[in-house]
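In: pasting the sequence and the predicted model now:
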Amino acid sequence: QVQLVESGGGSVQAGGSLRLSCAASGYTSGRYCMAWFRQGPGKEREWVARVDFNSLSTHAESVKGRFTISRDDGKNTMYLQMNSLKPEDTAMYYCAASLLTCTARPNDYSAWGQGTQVTVSS
C-alpha cells in the first residue's frame, strides 16, 4: 500500500496562487492514478483533478484554466498548481491514489493523505 502526505496549503488572498504537493512512499512502483479532492465546510468531498500513470490529466470544470495537476514519478510526488484562487476554493485538499481505476469518485481510491488546508480570503 502507498502512503500519501500533502503539503503546501495556507492562507492567501483572492487572486493569489499556491502549489500543493503530495509525496508518496511505500509501494510506489505501481501504476497509480493520482487525484486531488477537496472538502469545504459543510460540503461533500469534491473531485478537483486526476492524472493517470501516462500523465494524462483531467480537471473539474470549476478549476479548469486555473489549476494544473502534474506528477513527477522520479520524485514520487504529485502537484496541484492553483492560480487565480477564489474564496470558494477554500477547503481541505486531499490527495488520493488508485491502482484499479482513474475516476472522479472518491470511493474508487484506496489511499488518502491527511489533507492540507487552503483558505482564500476576499
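Out: Ah, there it is.
In: hey, let's count contacts and neighbours off CA atoms from now on
Out: OK.
In: what's near enough to touch the most centrally placed residue in the chain?
Out: Relative to the mean C-alpha position of the chain, the nearest C-alpha, by CA atoms, centre = their mean, is the one of Trp36, at 2.3 Å. Counting by CA atoms under 8 Å, 6 or more residues apart in numbering, Trp36 makes contact with Trp47, Val48, Ala49, Arg50, Leu80, Tyr93, Tyr94, Cys95, Ala96.
In: which of these has the largest number of neighbours?
Out: Cys95 (31 neighbours; other CA atoms under 10 Å).
In: grab the nearest non-local neighbour of that residue.
Out: Nearest residue to Cys95, sequence neighbours excluded (CA to CA, 6 or more residues apart in numbering): Trp36, at 4.5 Å.
In: distance of that neighbour relative to Ser122?
Out: When CA to CA, to the nearest Å is applied, the distance between Trp36 and Ser122 equals 24 Å.
In: repeat that for Arg71.
Out: Going from Arg71 to Ser122 by CA to CA gives 30 Å.
In: higher neighbour count, the two?
Out: For the pair Arg71 and Ser122, the greater number of neighbours falls to Arg71 (22 against 10), based on other CA under 10 Å.
In: phi, psi for the more buried one please.
Out: Dihedral pair for Arg71: phi -140, psi 150, per degrees, to the nearest 10.
In: so what's the nearest residue to it once chain neighbours are set aside up against?
Out: Of all residues not flanking Arg71 in the chain, Met78 sits nearest, at 4.1 Å (CA to CA, 6+ apart). In this structure, Met78 makes contact with Ser21, Cys22, Ala23, Met34, Ile69, Ser70, Arg71, Asp72, judged by CA under 8 Å, 6+ apart.
In: mind listing the residues bridging to Met78?
Out: Per DSSP bridges, the residues bridged to Met78 are Cys22, Arg71.
In: averaged pLDDT, stretch 11-24. What do you get?
Out: Per-region confidence: stretch 11-24 scores 98 on mean pLDDT.
In: meant to ask about stretch 110-122
Out: For stretch 110-122, the mean pLDDT works out to 97.
In: one more: stretch 78-96?
Out: Rounded mean pLDDT across stretch 78-96 is 97.
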